[in-house]
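K.L.:
Dropping a prediction and its sequence here:
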Amino acid sequence: MSTFERREFSGFAGGPLVADVYGPVGAPTVLLLHGGGQTRHAWGRAAQTLGDAGWRTVALDLPGHGDSAWAADGDYRIEVLADTMLRIWRELGTPLAVVGASLGGLISMAAVGRADAPPINALVLVDIAPRMEEAGVERIVSFMRARPDGFASLEEAAQHIADYRGRPMEGPIEGLKKNLRLNAQGRWVWHWDPQLMSEANHNHRRDADGYERALRGLQAPTLLLRGQRSDVISEEDARALVQTLPQARFVDLKGAGHMIAGDANDAFAASVADFLHEVMPPTQSPASRT
(Lines give C-alpha, C1' and ligand atoms only; values in the text may rest on other atoms or scores of the structure.)
Protein backbone atom coordinates (compact mmCIF):
# COMPACT_ATOMS: atom_id res chain seq x y z
CA MET A 1 0.00 0.00 0.00
CA SER A 2 1.27 3.45 -0.89
CA THR A 3 1.71 6.12 1.72
CA PHE A 4 0.43 9.65 1.24
CA GLU A 5 1.94 13.07 1.56
CA ARG A 6 0.34 16.39 2.42
CA ARG A 7 0.49 19.08 -0.24
CA GLU A 8 -0.62 22.69 -0.22
CA PHE A 9 -1.80 24.71 -3.20
CA SER A 10 -1.92 28.50 -3.04
CA GLY A 11 -4.49 30.84 -4.46
CA PHE A 12 -7.67 31.07 -2.40
CA ALA A 13 -8.48 33.99 -0.09
CA GLY A 14 -4.79 34.45 0.63
CA GLY A 15 -4.44 30.97 2.12
CA PRO A 16 -3.59 27.43 1.03
CA LEU A 17 -5.73 24.58 -0.17
CA VAL A 18 -4.71 21.31 1.44
CA ALA A 19 -4.57 17.87 -0.18
CA ASP A 20 -3.47 14.32 0.57
CA VAL A 21 -1.51 12.89 -2.35
CA TYR A 22 -1.12 9.18 -3.09
CA GLY A 23 0.69 7.21 -5.77
CA PRO A 24 3.88 7.55 -7.81
CA VAL A 25 5.40 10.90 -8.70
CA GLY A 26 5.12 11.65 -12.41
CA ALA A 27 2.16 9.36 -13.06
CA PRO A 28 -1.05 10.67 -14.64
CA THR A 29 -2.97 12.62 -12.02
CA VAL A 30 -6.47 12.04 -10.65
CA LEU A 31 -7.91 15.02 -8.77
CA LEU A 32 -10.70 14.15 -6.30
CA LEU A 33 -13.12 16.96 -5.42
CA HIS A 34 -15.57 16.10 -2.63
CA GLY A 35 -19.11 17.31 -2.04
CA GLY A 36 -20.32 20.28 -0.05
CA GLY A 37 -19.88 19.94 3.71
CA GLN A 38 -17.35 17.11 3.35
CA THR A 39 -13.55 17.02 3.47
CA ARG A 40 -10.82 15.22 1.55
CA HIS A 41 -11.35 12.25 3.86
CA ALA A 42 -14.80 11.63 2.33
CA TRP A 43 -13.24 9.47 -0.39
CA GLY A 44 -12.48 6.72 2.11
CA ARG A 45 -10.24 4.05 0.61
CA ALA A 46 -10.79 5.23 -2.98
CA ALA A 47 -7.85 7.65 -2.98
CA GLN A 48 -5.57 4.95 -1.58
CA THR A 49 -6.89 2.40 -4.09
CA LEU A 50 -6.26 4.64 -7.09
CA GLY A 51 -2.80 5.54 -5.80
CA ASP A 52 -1.95 1.86 -5.33
CA ALA A 53 -3.14 1.22 -8.91
CA GLY A 54 -0.53 3.65 -10.23
CA TRP A 55 -2.21 7.05 -10.56
CA ARG A 56 -0.96 10.14 -8.77
CA THR A 57 -4.12 10.78 -6.75
CA VAL A 58 -4.82 14.17 -5.16
CA ALA A 59 -7.66 14.32 -2.60
CA LEU A 60 -8.28 18.03 -2.05
CA ASP A 61 -10.12 19.94 0.68
CA LEU A 62 -12.30 22.37 -1.28
CA PRO A 63 -12.18 26.07 -0.37
CA GLY A 64 -14.01 26.66 2.90
CA HIS A 65 -13.72 23.00 3.90
CA GLY A 66 -11.46 21.08 6.24
CA ASP A 67 -7.90 22.37 6.44
CA SER A 68 -8.19 24.57 3.34
CA ALA A 69 -8.52 28.35 3.52
CA TRP A 70 -11.90 29.92 4.30
CA ALA A 71 -13.06 33.14 2.62
CA ALA A 72 -13.14 36.07 5.03
CA ASP A 73 -15.85 37.70 2.89
CA GLY A 74 -17.86 34.48 2.63
CA ASP A 75 -17.75 34.49 -1.18
CA TYR A 76 -18.09 30.91 -2.43
CA ARG A 77 -19.97 31.59 -5.64
CA ILE A 78 -19.50 28.87 -8.23
CA GLU A 79 -17.52 31.15 -10.55
CA VAL A 80 -15.08 31.97 -7.74
CA LEU A 81 -14.58 28.28 -6.96
CA ALA A 82 -14.14 27.50 -10.67
CA ASP A 83 -11.44 30.19 -10.94
CA THR A 84 -9.60 28.58 -8.06
CA MET A 85 -9.92 25.10 -9.52
CA LEU A 86 -8.53 26.15 -12.91
CA ARG A 87 -5.38 27.42 -11.20
CA ILE A 88 -4.93 24.03 -9.55
CA TRP A 89 -5.52 22.19 -12.84
CA ARG A 90 -2.78 24.26 -14.48
CA GLU A 91 -0.42 23.57 -11.59
CA LEU A 92 -1.05 19.81 -11.78
CA GLY A 93 -0.50 19.70 -15.54
CA THR A 94 -1.53 16.81 -17.78
CA PRO A 95 -2.48 14.00 -18.10
CA LEU A 96 -5.25 14.92 -15.64
CA ALA A 97 -8.57 13.34 -14.76
CA VAL A 98 -11.02 15.24 -12.55
CA VAL A 99 -13.47 13.40 -10.29
CA GLY A 100 -16.14 15.67 -8.82
CA ALA A 101 -18.87 14.66 -6.37
CA SER A 102 -21.88 16.93 -5.79
CA LEU A 103 -20.42 20.43 -5.19
CA GLY A 104 -17.07 19.21 -6.55
CA GLY A 105 -18.89 18.14 -9.70
CA LEU A 106 -20.67 21.47 -10.07
CA ILE A 107 -17.32 23.25 -9.82
CA SER A 108 -15.85 20.89 -12.40
CA MET A 109 -18.73 21.42 -14.84
CA ALA A 110 -18.45 25.19 -14.50
CA ALA A 111 -14.67 25.08 -14.94
CA VAL A 112 -14.56 22.98 -18.13
CA GLY A 113 -16.78 25.51 -19.88
CA ARG A 114 -14.45 28.42 -19.29
CA ALA A 115 -12.59 29.80 -22.31
CA ASP A 116 -9.34 29.72 -20.33
CA ALA A 117 -9.77 26.15 -19.07
CA PRO A 118 -6.77 23.88 -19.71
CA PRO A 119 -7.65 20.57 -21.37
CA ILE A 120 -8.29 17.57 -19.14
CA ASN A 121 -8.08 13.92 -20.13
CA ALA A 122 -11.21 12.67 -18.38
CA LEU A 123 -14.11 13.83 -16.22
CA VAL A 124 -16.01 11.74 -13.67
CA LEU A 125 -19.21 13.22 -12.23
CA VAL A 126 -20.32 11.52 -9.02
CA ASP A 127 -24.09 11.71 -8.51
CA ILE A 128 -24.32 15.15 -10.02
CA ALA A 129 -25.64 16.52 -13.29
CA PRO A 130 -26.79 19.92 -14.56
CA ARG A 131 -30.42 19.07 -13.80
CA MET A 132 -31.18 17.84 -10.29
CA GLU A 133 -34.18 16.80 -8.23
CA GLU A 134 -35.27 19.77 -6.14
CA ALA A 135 -36.51 17.72 -3.19
CA GLY A 136 -33.21 15.88 -2.87
CA VAL A 137 -31.18 19.08 -3.08
CA GLU A 138 -33.32 20.73 -0.42
CA ARG A 139 -32.90 17.73 1.86
CA ILE A 140 -29.12 18.20 1.72
CA VAL A 141 -29.44 21.94 2.30
CA SER A 142 -31.68 21.36 5.32
CA PHE A 143 -29.21 18.85 6.76
CA MET A 144 -26.27 21.22 6.36
CA ARG A 145 -28.10 24.20 7.85
CA ALA A 146 -29.79 22.28 10.66
CA ARG A 147 -27.24 22.51 13.49
CA PRO A 148 -25.32 25.79 13.33
CA ASP A 149 -24.58 25.49 17.07
CA GLY A 150 -22.99 22.05 16.61
CA PHE A 151 -23.30 18.99 18.81
CA ALA A 152 -22.64 18.23 22.46
CA SER A 153 -20.94 14.93 21.58
CA LEU A 154 -19.79 12.80 18.69
CA GLU A 155 -22.66 10.44 19.49
CA GLU A 156 -25.16 13.22 18.95
CA ALA A 157 -23.53 14.08 15.60
CA ALA A 158 -23.61 10.43 14.58
CA GLN A 159 -27.34 10.27 15.27
CA HIS A 160 -27.92 13.39 13.16
CA ILE A 161 -26.05 11.77 10.26
CA ALA A 162 -27.93 8.49 10.72
CA ASP A 163 -31.27 10.31 10.62
CA TYR A 164 -30.28 11.93 7.32
CA ARG A 165 -28.98 8.73 5.72
CA GLY A 166 -31.75 6.51 7.08
CA ARG A 167 -29.42 4.00 8.71
CA PRO A 168 -26.86 3.88 11.54
CA MET A 169 -23.39 5.19 10.93
CA GLU A 170 -20.81 2.53 10.10
CA GLY A 171 -17.27 2.44 11.47
CA PRO A 172 -15.71 3.91 14.60
CA ILE A 173 -17.35 7.08 15.86
CA GLU A 174 -13.87 8.63 16.24
CA GLY A 175 -13.81 8.88 12.45
CA LEU A 176 -16.18 11.83 12.72
CA LYS A 177 -13.28 13.92 13.98
CA LYS A 178 -12.20 14.21 10.33
CA ASN A 179 -15.41 16.13 9.59
CA LEU A 180 -15.99 17.90 12.91
CA ARG A 181 -13.88 20.16 15.09
CA LEU A 182 -14.19 21.08 18.76
CA ASN A 183 -14.84 24.81 19.16
CA ALA A 184 -14.01 27.10 22.07
CA GLN A 185 -17.40 26.40 23.65
CA GLY A 186 -16.73 22.66 23.72
CA ARG A 187 -19.21 21.94 20.91
CA TRP A 188 -18.48 19.72 17.91
CA VAL A 189 -19.11 21.80 14.78
CA TRP A 190 -18.76 20.91 11.13
CA HIS A 191 -15.31 21.43 9.65
CA TRP A 192 -16.55 23.75 6.93
CA ASP A 193 -17.49 27.41 6.71
CA PRO A 194 -21.21 27.97 7.45
CA GLN A 195 -21.16 30.82 4.92
CA LEU A 196 -20.96 28.18 2.17
CA MET A 197 -24.69 27.69 2.66
CA SER A 198 -25.71 31.34 2.50
CA GLU A 199 -28.58 32.12 0.12
CA ALA A 200 -26.25 34.06 -2.20
CA ASN A 201 -23.75 31.21 -2.52
CA HIS A 202 -26.42 28.50 -2.76
CA ASN A 203 -28.45 30.32 -5.42
CA HIS A 204 -25.38 30.79 -7.61
CA ARG A 205 -25.03 27.00 -7.83
CA ARG A 206 -28.51 26.51 -9.32
CA ASP A 207 -27.89 27.09 -13.01
CA ALA A 208 -28.80 23.98 -15.01
CA ASP A 209 -28.67 25.80 -18.35
CA GLY A 210 -25.25 27.23 -17.52
CA TYR A 211 -23.80 23.82 -16.65
CA GLU A 212 -25.21 22.34 -19.85
CA ARG A 213 -23.66 25.12 -21.90
CA ALA A 214 -20.33 24.58 -20.13
CA LEU A 215 -20.31 20.89 -21.00
CA ARG A 216 -21.20 21.26 -24.67
CA GLY A 217 -17.64 21.84 -25.78
CA LEU A 218 -16.14 19.10 -23.61
CA GLN A 219 -14.28 16.53 -25.69
CA ALA A 220 -12.79 14.54 -22.82
CA PRO A 221 -14.27 11.10 -22.06
CA THR A 222 -16.84 11.46 -19.30
CA LEU A 223 -18.26 9.01 -16.78
CA LEU A 224 -21.41 9.76 -14.82
CA LEU A 225 -21.73 7.62 -11.69
CA ARG A 226 -25.14 7.71 -10.05
CA GLY A 227 -26.18 6.11 -6.80
CA GLN A 228 -29.18 3.96 -7.65
CA ARG A 229 -30.96 5.20 -4.49
CA SER A 230 -30.06 8.84 -5.13
CA ASP A 231 -32.74 11.46 -4.61
CA VAL A 232 -30.50 14.20 -6.05
CA ILE A 233 -30.34 13.09 -9.68
CA SER A 234 -32.83 10.73 -11.28
CA GLU A 235 -32.00 8.11 -13.86
CA GLU A 236 -33.71 10.35 -16.42
CA ASP A 237 -31.49 13.30 -15.39
CA ALA A 238 -28.41 11.11 -15.82
CA ARG A 239 -29.38 9.68 -19.19
CA ALA A 240 -30.33 13.13 -20.50
CA LEU A 241 -26.83 14.39 -19.71
CA VAL A 242 -25.08 11.42 -21.27
CA GLN A 243 -27.03 11.86 -24.50
CA THR A 244 -25.66 15.40 -24.90
CA LEU A 245 -21.97 14.45 -24.51
CA PRO A 246 -20.13 12.73 -27.37
CA GLN A 247 -17.89 10.53 -25.20
CA ALA A 248 -20.01 9.95 -22.12
CA ARG A 249 -21.12 6.80 -20.33
CA PHE A 250 -23.39 6.16 -17.38
CA VAL A 251 -23.13 3.67 -14.49
CA ASP A 252 -25.88 3.23 -11.90
CA LEU A 253 -24.32 1.85 -8.70
CA LYS A 254 -26.54 -0.50 -6.75
CA GLY A 255 -26.87 0.01 -3.02
CA ALA A 256 -25.64 3.59 -3.12
CA GLY A 257 -27.38 6.87 -2.48
CA HIS A 258 -26.09 10.38 -3.15
CA MET A 259 -22.96 9.82 -1.03
CA ILE A 260 -21.61 7.11 -3.31
CA ALA A 261 -18.06 6.93 -1.96
CA GLY A 262 -19.43 6.44 1.54
CA ASP A 263 -22.20 4.02 0.58
CA ALA A 264 -20.31 1.78 -1.85
CA ASN A 265 -16.63 2.71 -1.69
CA ASP A 266 -15.21 -0.44 -3.26
CA ALA A 267 -17.66 -0.43 -6.17
CA PHE A 268 -17.08 3.29 -6.65
CA ALA A 269 -13.29 2.93 -6.74
CA ALA A 270 -13.51 -0.05 -9.12
CA SER A 271 -15.81 1.84 -11.51
CA VAL A 272 -13.47 4.84 -11.62
CA ALA A 273 -10.39 2.63 -12.06
CA ASP A 274 -11.99 0.64 -14.90
CA PHE A 275 -12.89 3.85 -16.70
CA LEU A 276 -9.46 5.42 -16.20
CA HIS A 277 -7.61 2.28 -17.31
CA GLU A 278 -9.37 2.73 -20.63
CA VAL A 279 -9.09 6.50 -21.12
CA MET A 280 -6.01 7.51 -19.06
CA PRO A 281 -4.00 4.46 -18.01
CA PRO A 282 -1.44 4.95 -15.22
CA THR A 283 1.38 3.99 -17.57
CA GLN A 284 0.66 6.97 -19.83
CA SER A 285 3.68 9.21 -20.30
CA PRO A 286 3.14 12.44 -18.38
CA ALA A 287 3.39 15.84 -19.99
CA SER A 288 4.97 18.79 -18.26
CA ARG A 289 3.86 19.37 -14.66
CA THR A 290 5.13 21.15 -11.61
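P.N.:
Ah, there it is.
K.L.:
Grab the most central residue of the chain for me.
P.N.:
H34 (2.2 Å; C-alpha atoms, centre = their mean).
K.L.:
For that residue, give me the pLDDT.
P.N.:
pLDDT recorded at H34 is 97.
K.L.:
Enumerate every residue touching it.
P.N.:
R40, A42, W43, A59, L60, D61, L62, H65, A101, S102, L103, G104 (C-beta atoms under 8 Å, 6 or more residues apart in numbering). C-beta: built from backbone N, CA, C; applies to glycine.
K.L.:
And N201, by the same measure?
P.N.:
For N201, the contact set (C-beta under 8 Å, 6+ apart) comprises G74, D75, Y76, R77, Q195.
K.L.:
Sketch out the low-pLDDT regions of the stretch 1-150 of the chain for me.
P.N.:
1-2 (pLDDT under 70).
K.L.:
hey, where'd the helices end up in it?
P.N.:
Counting by DSSP state H, counting those that start in this stretch, the stretch 1-150 of the chain has helices at residues 46-52, 78-92, 103-112, 134-145.
K.L.:
do you know which of those helices lies nearest T244?
P.N.:
Ranking those by proximity to T244 (C-beta to C-beta) places helix 103-112 first, at 12.0 Å.
K.L.:
just how off-centre is that closest one within its chain?
P.N.:
Centroid separation for helix 103-112 versus its chain: 9 Å, with C-alpha atoms, centre = their mean, to the nearest Å.
K.L.:
can you list contacts of that helix?
P.N.:
For helix 103-112, the external contacting residues (C-beta under 8 Å, 6+ apart) are 32-36, 62, 78-79, 81-82, 85-86, 89, 98, 100, 117, 120, 123, 125-128, 130, 205, 210-211, 214-215, 217-218, 220.
K.L.:
And the strands in the protein?
P.N.:
4-12, 15-22, 29-33, 56-60, 96-101, 122-126, 180-182, 188-190, 222-227, 248-253 (DSSP state E).
K.L.:
okay, these in CSV with distance to V279 and mean neighbour count next?
P.N.:
Below are the strands of the chain laid out as CSV (distance: least, C-beta to C-beta, whole Å; neighbours: other C-beta atoms under 10 Å):
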stretch, distance to V279, mean neighbour count
strand 4-12, 24, 15
strand 15-22, 20, 21
strand 29-33, 11, 27
strand 56-60, 16, 26
strand 96-101, 8, 27
strand 122-126, 5, 27
strand 180-182, 37, 15
strand 188-190, 35, 19
strand 222-227, 8, 25
strand 248-253, 10, 17
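K.L.:
Including distance to H160, could these go into a markdown table?
P.N.:
Converted to a markdown table, the strands of the chain look like this (distance: least, C-beta to C-beta, whole Å):
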| stretch | distance to H160 |
| --- | --- |
| strand 4-12 | 29 |
| strand 15-22 | 26 |
| strand 29-33 | 24 |
| strand 56-60 | 24 |
| strand 96-101 | 21 |
| strand 122-126 | 23 |
| strand 180-182 | 11 |
| strand 188-190 | 10 |
| strand 222-227 | 20 |
| strand 248-253 | 25 |
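K.L.:
which one of the ones you listed lies closest to S153?
P.N.:
Closest among these, once you apply C-beta to C-beta, is strand 188-190, at 7.0 Å.
K.L.:
what's that closest one packed up against?
P.N.:
Using 3 or more C-beta pairs under 8 Å, 6 or more residues apart in numbering; DSSP states H and E, the elements in contact with strand 188-190 are helix 154-165, strand 180-182.
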